[in-house]
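**Student:** Return a 3D structure for these sequence lines:
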Amino acid sequence: MRTGGDLVVESLTALGATTVFGLPGQHALGLFDALRRSSLRYVGSRTEVNAAFAADGHARTTGAVTPLFVSTGPGALQTLAGLQESASSSVPVLGISSQVPVAGLGGARRGFLHELPDQQASFRGVVKHTRVVRTASQIPSAVAEAWEIAASAPAGPVWLEIPQDVLLGEVSVPPLGELVVSPRVLAPRPELIAEAARLLSAAASPVILAGGGVVRSGGEADLLALAEKLGAPVVTTFGGKGSFPWDHKLSLQSWLEDRHTTDYLEAADALLVVGSGLGELSSNYHTFRPRGRVIQVEADLGKLEAGHPALAIHADAALALRALTSAVSSRDSTADVGAVLASVRERLAGQDLGFEQDVLAAVRSALPDDAPSFWDMTILAYWAWSAWDPRAGAMHTAQGAGGLGYAFPAALGAASTTDGPVLAVSGDGGAMYGLPELATAKQHHLRVTWLIVDDGGYGILREYMTDAFGVATGTELARPDFVALASAFGVPAVRTTPGSLRDDLAKALADDGPSVVVLPALLRMFAPTHLGSA
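**Tutor:** Model prediction:
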């Protein structure tokens, strides 16, 4: 017989889904049994939060809505950290959770397993949209609605709940033919484009700050065309890495935590901020004080002018860039980009950080140009935010929400949709979150190389606390022998040194399955400038 679970997978298939991530539970068995009868690929994680991270990594890599299946109560709640990252980084994950039987909805307190008075309430402040389905006939429309909302700019996660008895019950709804969705297109208003073009064309020193919205909208070529036509230097945010060629003559790269870059942005008489909300990291911890006119293009209405007065354009980044390119006047650049980058290098040279730069350079040299990388919240990743050249491969980080444990499960999600190698980078503290997923990597033969930088604790927190209080508390960690542990999962692993890192990592990346490289090293961060230090 066909069940409510079949309606779910039929709806997802009709909408174009190919892969589902998740973890089964008692109330969700109707969903997972239906997967068996579908063409959808299932990649199962060992914890729900890692399944959410994996769905996030898949959605970032494909640019498509990615389904996530979990069970009621504890299973559902464990996805919240992953969904917060997806929400903060505008990633379209479609979370589908089971619920207690219909008789227990609305806080009826029937004593069902995993019962919560209002499970849906836990998700309202995290995702774009939530809905509880109460009958099988509602399923196709509810799935299509959720898909459309997730894909509409600004993209983001949605949450759908379906009771256990609805998933298991026989349905009389005919087999689905097709489901048509129309994600909202955010075109810029013409009068705003005309005014922005006038300001940029008249400016003596226009500058562009490009954020993650440029990447998500596929606006890289449009950004390049606008920058070259205006002769405007481009700084990319950490989320906007890859939106502009790293070594282009107009590239100011991503040194947003450096005061030289902040000063340059402040001095622009017209600053185009596109695809960024100018949040904490993009504004050098809110020390940025623009003196010229700011033009802000942003798909998230709530972020427009949230930090600074601007000519606010609520629009998809690529569409706005395309319109601006047609409207601005052409001119040659007089900007001295090289002087700013030289000042950044000079500041770093005074801090004895050659070791850290050599480690990052070894990783960059080992990774193929087109391979994607996923970075946890660890010191090497903090370096990569500013210093990493993504080349033709996308760089993905957890800096949207800033939680630990993102890199490895997200990389597994990406590896499920690509043939080439994927790199994940974690510290030993963050790696402890993802160790169960070594089993997932082995079971599904996912080609991810996991670089674990082992410094004996939460290294970045150790630095923060030592700088602030003179001593660190709660940052030192006992940890396993990562090489032996990976080997116990049947995953090849090697302990490397800074001198052999490049070769060991390159060899691991060439493997056709999962691998682990462990680098025992104590890395330091460059001095911040938002606290007034040099």
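
**Student:** where's residue 230 relative to residue 269, distance?
**Tutor:** Between residue 230 and residue 269 the computed distance is 13 Å (CB to CB, to the nearest Å). Glycine gets a C-beta too; all of them are placed from N, C-alpha and C.

**Student:** One more: residue 316?
**Tutor:** Separation of residue 316 from residue 269 (CB to CB): 26 Å.

**Student:** what do you get for residue 166?
**Tutor:** Using CB to CB, residue 166 is found at 59 Å from residue 269.

**Student:** Give me the more crowded residue out of those two.
**Tutor:** Higher neighbour count among residue 166 and residue 269: residue 166, with 26 against 16, using other CB atoms under 10 Å.

**Student:** Quick check: closest non-adjacent residue to the more buried one.
**Tutor:** Once flanking residues are discounted, residue 166 sits nearest to residue 4: 4.5 Å by CB to CB, 6 or more residues apart in numbering.

**Student:** which helix of this protein spans the most residues?
**Tutor:** Using DSSP state H to define each element, the chain has its longest helix at helix 48-62.

**Student:** Quick one: mean pLDDT over it.
**Tutor:** The predicted model assigns helix 48-62 a mean pLDDT of 98.

**Student:** Could you do stretch 386-404 as well?
**Tutor:** 95.

**Student:** what separates it from the chain centre, distance-wise?
**Tutor:** Distance, stretch centre to chain centre, for stretch 386-404: 8 Å (CA atoms, centre = their mean, to the nearest Å).

**Student:** Helices along the stretch 151-300 of the chain, start to end?
**Tutor:** In order along the chain, the stretch 151-300 of the chain carries the following helices (DSSP state H, counting those that start in this stretch): 164-168, 190-202, 212-217, 220-230, 259-267.

**Student:** Tabulate the CA atom coordinates of the longest one in CSV.
**Tutor:** Read it as helix 190-202. Taking Å, rounded to 0.1, in the frame of the first residue of the first chain, the C-alpha atoms of helix 190-202 are listed here in CSV:
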residue,chain,number,x,y,z
PRO,A,190,14.7,50.6,-11.3
GLU,A,191,14.8,54.0,-9.5
LEU,A,192,17.1,52.6,-6.9
ILE,A,193,19.5,51.2,-9.5
ALA,A,194,19.5,54.5,-11.3
GLU,A,195,20.4,56.4,-8.1
ALA,A,196,23.1,53.9,-7.1
ALA,A,197,24.6,54.0,-10.6
ARG,A,198,24.7,57.8,-10.4
LEU,A,199,26.5,57.8,-7.1
LEU,A,200,29.0,55.2,-8.2
SER,A,201,29.7,56.9,-11.5
ALA,A,202,30.2,60.2,-9.8
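
**Student:** can you list the weak-confidence ranges in the protein?
**Tutor:** Within the chain, the stretches with pLDDT under 70 are 532-534.

**Student:** switch the cut-off to 50
**Tutor:** Within the chain, the segments meeting pLDDT under 50 span 533-534.

**Student:** what kind of secondary structure is the nearest residue to residue 74 once chain neighbours are set aside in?
**Tutor:** Sequence neighbours aside, residue 114 is the residue nearest to residue 74 in space, at 6.4 Å (criterion: CB to CB, 6+ apart). The three-state label given to residue 114 by DSSP: H, G, I helix; E, B strand; the rest coil is coil.

**Student:** Name whatever forms a beta bridge with residue 425.
**Tutor:** Beta-bridge partners of residue 425, counted by DSSP bridges, are residue 375, residue 451.

**Student:** cool, and residue 495?
**Tutor:** For residue 495, the beta-bridge partners under DSSP bridges are residue 518.

**Student:** Tell me, how many residues neighbour it?
**Tutor:** The number of residues near residue 495, taken as other CB under 10 Å, comes to 17.

**Student:** ditto for the one 10 residues further on
**Tutor:** Here the number of neighbours of residue 505 (other CB under 10 Å) works out to 23.

**Student:** swap in residue 388?
**Tutor:** 24.

**Student:** same thing with residue 237?
**Tutor:** The tally of other residues near residue 237 (other CB under 10 Å) stands at 27.

**Student:** try residue 145
**Tutor:** By other CB under 10 Å, the residues close to residue 145 number 16.

**Student:** isn't it right up against residue 131?
**Tutor:** Yes. Between residue 145 and residue 131 there is a contact at 7.2 Å, judged by CB atoms under 8 Å.

**Student:** This completes my enquiry, with thanks.
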